[in-house]
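1. Give me coordinates for this.
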Amino acid sequence: MNPVLLKEIARDTGGDYFEAANLQDLTAIYDKIGALEKSEVKMNEFVSIQEWFPQFLAWGLALFLLGWILDLTWLRKIP
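-> Next comes the predicted model:
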């Protein structure tokens, strides 16, 4: 990792750069992050939709096969 580049990126984006070499540093970083201003995040809601194509395909295929079978048997025309 390049700490100089990471510090520059943090400065340019308005963020902070944290580097922890031991557990105490990491604990201090977590405390600092926990003390930051909390803001509400807007979440998008996704609506689940029902796909009808497989059902229509199955019914269409079933009716087609039923018609074909009836045409070969019960509805057969004798010339």
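2. where in this structure is pLDDT low?
-> 79 (pLDDT under 70).
3. Tell me where it has helices.
-> In the chain, the helices defined using DSSP state H lie at 3-13, 23-34, 53-72.
4. other SSEs contacting the first one?
-> Under the contact criterion of 3 or more Cβ pairs under 8 Å, 6 or more residues apart in numbering; DSSP states H and E, helix 3-13 touches no helix or strand at all. Where C-beta positions appear, they are placed from N, C-alpha and C, glycine not excepted.
5. Alpha carbons of that helix, as CSV, please.
-> Extracted in CSV, the C-alpha atoms of helix 3-13 (Å, rounded to 0.1, in the frame of the first residue of the first chain):
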residue,chain,number,x,y,z
PRO,A,3,0.3,5.7,2.4
VAL,A,4,1.1,8.9,0.7
LEU,A,5,-1.3,8.2,-2.2
LEU,A,6,-4.0,7.1,0.2
LYS,A,7,-3.6,10.3,2.3
GLU,A,8,-3.9,12.3,-0.8
ILE,A,9,-7.0,10.5,-1.9
ALA,A,10,-8.6,11.0,1.5
ARG,A,11,-7.7,14.7,1.4
ASP,A,12,-9.1,15.2,-2.1
THR,A,13,-12.4,13.4,-1.3
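6. So what touches that helix?
-> Helix 3-13 is contacted from outside by 15-17, 19, using Cβ atoms under 8 Å, 6 or more residues apart in numbering.
7. cutoff 7 Å now
-> 16-17, 19 (Cβ atoms under 7 Å, 6 or more residues apart in numbering).
8. any chance of the helices of the chain in CSV, with mean neighbour count and distance to residue 40 too?
-> Formatted as CSV, those follow (neighbours: other Cβ atoms under 10 Å; distance: least, Cβ to Cβ, whole Å):
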stretch, mean neighbour count, distance to residue 40
helix 3-13, 11, 21
helix 23-34, 11, 17
helix 53-72, 10, 39
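9. I'm done for today, thanks for sticking with me.
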